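# Let me see the structure of the following:
(one chain, ligands or ions: 2)
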Amino acid sequence: MTDLLVRGGMIVTAGGVFPGDILVRGGRIAAVVQRAEEFPNWGTWVAGGAGEGMEHVRVLDATGLHVLPGLVDVHVHLRDPGLTHKEDFLSGTAAAAFGGVTTVLEMPNTLPPVATAALFAQKRERLAGRSYVDYGLYGVIDEANFPHLRELAEAGAIAFKLFLGPTTGDIRAPGWGRLQDVFALVAELGLPLVVHAEDRDVIEYAQAQVGEARDYRAFLATRPPFGELAATQTTCLLAQVSGARVHIAHVSLGDAVDLIREAKERGAPVTAETCPPYLFMTAEDCERLGPASKILPPIRERKDQERLWEGLHDGTLDLIATDHAPHLTEEKASKSWSAAPGGMIGLETMLPQLLTAVGEGRLTLPQLVEWTSTRPATIFGLAGRKGDIRPGLDADFVLVDLDAEWTLQPEHLHSKSKNSPLLGARLRGKVVHTIVRGHVVVENGKLGEPIGQWLPGACWTAGTGQPARIGG
Ligand code: DOR
Ligand code: ZN
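Ligands and ions are numbered 1, 2, ... in the order given. Take a look at the predicted model:
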């Protein structure tokens, strides 16, 4: 594999922004040098020894661009197998690559849901060679598969997903009694447990009361705050008593941020995420946009949005993930808020949307990297490979033009779903190149080869019965 030199850009990490060049060897970062007045010349550096054999180096000119660690999106639904009319691994990971996302962790509510080691192995085999970015795969926790959780971990699940409330696939959770055993086992296995924290009983009761939801207010009444708060609180409590490392998915409510803050203060091993729709949209937008904007949990009020931003800034919320959840336009076109499926795409818009917000002063570039790359990699056990720009890590980068202003059009989207509330929006900040382990997978709008590799979780045994921890 040719070596790569990313030269002339501004490097962004969670620690800061500096002018620098990056040398990539064998898919990993070999060296990072800061360009300084007295050290302006790459050739000088090469002569210093670090660049022996430089004739085989491809130089990527990053002049005028910012070089960020590739994004690590811990919450994506790519629908493969079983729902490939909505998305498949090639289309979904192409979308990731165009969005600067170089690692995706893919949810288990595919068909069949990933509930056993055999199903995990089938999915893994099916996806081999069909990804443009690196990927980890979740195992599901459903109401019956407790006996399969250890084997799922040993098959290489990156994390577990527990759906406490009804959503796509309608996977049911065990009751709280059994969940005590589940959390205890997950604590022993050591994998993260991602929880969709909305209580099914609260939702089903509310749905029966409301009946058909004909407008957004009625739909909101079917997913009441109490459902999210009760599930969040009980989940945090169970994390604390069991020691399981719990990650709360898609926090939508200001009051949920408070519960998570309190749980963290008590020492509960809890982390949490929110997603761009909750940070950039409010109930009024959904009233205007109609059921296409339905996501689960729902987009709430402006005061919630403000408290989510506060939660990110004070560290209560650890990261931002897309919850990329594609559905076809026809499916989303339903007039009924009850009937429309929940979910919207996000892989290709999260980074431009956050870069636009950087321009507006809502976050800094290092915070963007922290929340979309460094923290996600750390929480999901990938810190030795992903999430930063320093020697030894995988050479995963996204090169962005902060000044490019553009209008999002359907033809920009590589997902099978074009259901984005951002169509027609002006954005400032654009992905120019995306690099995965030294391979340029997007170069000036052109897609490369599907070189993405599977990332096993921390309990993977490779069938040997012995831990076969992620290697090179
Ligand atoms: O809106 C959502 N869509 N929320 C979820 O929790 C699941 C997702 C999906 O898979 O469609
Ligand atoms: Zn989801």
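# who in this protein is up against ligand 1?
77, 109, 167-168, 196, 295-296, 325, 342-343 (C-beta under 6 Å from any ligand atom). For the C-beta atoms, the positions are set from N, CA and C on the backbone; glycine is no exception.
# Give me the most central residue, the protein.
residue 73 (2.0 Å; C-alpha atoms, centre = their mean).
# can you tell me how far it sits from ligand 1?
Using C-beta to the nearest ligand atom, to the nearest Å, we find residue 73 at a distance of 14 Å from ligand 1.
# Grab the nearest non-local neighbour of that residue.
Closest residue to residue 73 apart from its sequence neighbours, by C-beta to C-beta, 6 or more residues apart in numbering: residue 101 at 4.7 Å.
# circling back: hmm, who's touching the helix or strand harbouring the residue nearest to the centre of the chain?
Assigned by DSSP states H and E, residue 73 belongs to strand 71-76. Identification of contacts with strand 71-76 by C-beta atoms under 8 Å, 6 or more residues apart in numbering yields 92, 96, 99-107, 159, 194, 247, 249-250, 273, 275, 319, 321-324, 347, 350-351, 372-373, 376-377, 379-380, 382, 386-387, 398.
# Just the residues you listed: which are in helices?
92, 96, 350-351, 376-377, 379 (DSSP state H).
# wait, which of these is closest to ligand 1?
Closest approach to ligand 1 among those (C-beta to the nearest ligand atom): residue 92, at 12.1 Å.
# Is that closest one in contact with residue 345, as I believe?
No. Judged on C-beta atoms under 8 Å, residue 92 makes no contact with residue 345 at a distance of 9.2 Å.
# any shared contact partners between the two?
324, 326, 415.
# doesn't residue 228 make contact with residue 195?
No. Assessed by C-beta under 8 Å, residue 195 is found out of contact with residue 228, at 11.0 Å.
# from the stretch 101-250 of the chain, which residue is nearest to ligand 1?
residue 168 (3.3 Å).
# Going by secondary structure, that residue is in what exactly?
Per DSSP H and E, there is no helix or strand for residue 168.
# Could you save the shared contacts of residue 92 and residue 345 as a markdown table and add columns showing neighbour count?
Below are those laid out as a markdown table (neighbours: other C-beta atoms under 10 Å):
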| residue | neighbour count |
| --- | --- |
| 324 | 30 |
| 326 | 31 |
| 415 | 24 |
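# Around residue 125, count how many other residues there are.
Counted with other C-beta atoms under 10 Å, the neighbours of residue 125 add up to 10.
# Following the chain onward from the helix or strand containing it, which element is next?
Using DSSP H and E, residue 125 maps to helix 117-127. Following helix 117-127 in sequence order, the next helix or strand is strand 134-137 (DSSP H and E).
# roughly how far is that next one from the heart of the chain?
Strand 134-137 sits 11 Å away from the centroid of its parent chain (C-alpha atoms, centre = their mean, to the nearest Å).
# now swap in stretch 209-220 and tell me
The answer for stretch 209-220 is 30 Å, by C-alpha atoms, centre = their mean.
# Stretch 297-311 too?
The answer for stretch 297-311 is 19 Å, by C-alpha atoms, centre = their mean.
# Give the buried residues for it.
297-301, 304-305, 307-309, 311 (16 or more other C-beta atoms under 10 Å).
# from those, which ones fall inside helices?
304-305, 307-309, 311.
# Name the nearest of the residues you listed relative to residue 130.
Of all those, residue 308 has the smallest distance to residue 130: 34.4 Å, by C-beta to C-beta.
# That closest one: what's it in contact with?
Residues near residue 308 by C-beta under 8 Å, 6+ apart: 251-252, 254, 257, 274, 278-279, 317.
# Next: residue 273.
74-75, 247-251, 317-321.
# Scan the residues you listed and report the most crowded one.
residue 74 (32 neighbours).
# just checking, next helix/strand downstream of the helix-or-strand element of the chain with minimal mean pLDDT?
Scoring the helices and strands of the chain by mean pLDDT, DSSP states H and E places helix 42-45 at the bottom, with a mean of 48. Where DSSP H and E defines the elements, the next helix or strand beyond helix 42-45 is strand 57-61.
# What's the first helix or strand after that following strand?
Helices and strands here follow DSSP H and E; after strand 57-61, the next one along the chain is strand 66-69.
# Tell me how far that next one lies from the chain's centre.
17 Å.
# same deal with stretch 215-223?
Worked out by C-alpha atoms, centre = their mean, stretch 215-223 lies 27 Å from the chain centre.
# Sort out which residues of that stretch are buried, please.
216, 219-220, 222-223.
# so residue 266 makes contact with residue 240?
Yes. In this structure, residue 266 is within contact of residue 240 by C-beta under 8 Å, at 6.4 Å.
# neighbour-wise, which of the two wins?
residue 240 (17 against 11).
# now that one: how far from residue 261?
According to C-beta to C-beta, to the nearest Å, residue 240 and residue 261 sit 14 Å apart.
# now residue 314
8 Å.
# Next: residue 455.
Taking C-beta to C-beta, one finds residue 455 at 31 Å from residue 261.
# Check residue 107 too.
Plainly put, residue 107 is 26 Å away from residue 261 if you go by C-beta to C-beta.
# Specify which residue of those two has the higher count of neighbours.
With neighbours defined as other C-beta under 10 Å, residue 107 and residue 261 compare such that residue 107 has more, 28 against 18.
# if you skip the residues just before and after it, what's nearest to the more buried one?
residue 77 is the one closest to residue 107 (C-beta to C-beta, 6+ apart), at 4.7 Å.
# Next: residue 159.
Per C-beta to C-beta, 6+ apart, closest to residue 159 is residue 192, 4.2 Å.
# shouldn't the one you found be in contact with residue 161?
No. Using C-beta under 8 Å, residue 192 is not in contact with residue 161; the gap is 9.7 Å.
# secondary structure class for the residue of the stretch 351-472 of the chain found nearest ligand 1?
Per C-beta to the nearest ligand atom, residue 417 is where the stretch 351-472 of the chain lies closest to ligand 1, at 10.2 Å. Following DSSP: H, G, I helix; E, B strand; the rest coil, we place residue 417 in the coil state.
# Quick check: chain neighbours aside, which residue is closest to it?
residue 326 (3.4 Å).
# ditto for residue 220
residue 298 (5.7 Å).
# same thing with residue 453?
residue 134 is the one closest to residue 453 (C-beta to C-beta, 6+ apart), at 5.2 Å.
# Tell me what that neighbour is bridged to.
Residue 134 has these beta-bridge partners by DSSP bridges: residue 103.
# Over to residue 31?
Here residue 31, judged by DSSP bridges, has bridge partners residue 23.
# With residue 7 instead?
Here residue 7, judged by DSSP bridges, has bridge partners residue 61.
# Now do the buried residues in the lengthiest helix in the chain.
The helix that spans the most residues within the chain, counting by DSSP H, is helix 225-242. Judged by neighbour count using 16+ other C-beta under 10 Å, the buried positions of helix 225-242 are 225, 227-240, 242.
# Also stretch 248-267?
Neighbour-count burial for stretch 248-267 [16+ other C-beta under 10 Å]: 248-257, 259-261, 263-264.
# Keep only those of the residues you listed that are in helices.
Taking DSSP H, the ones among the buried residues of stretch 248-267 that sit in helices are 254-257, 259-261, 263-264.
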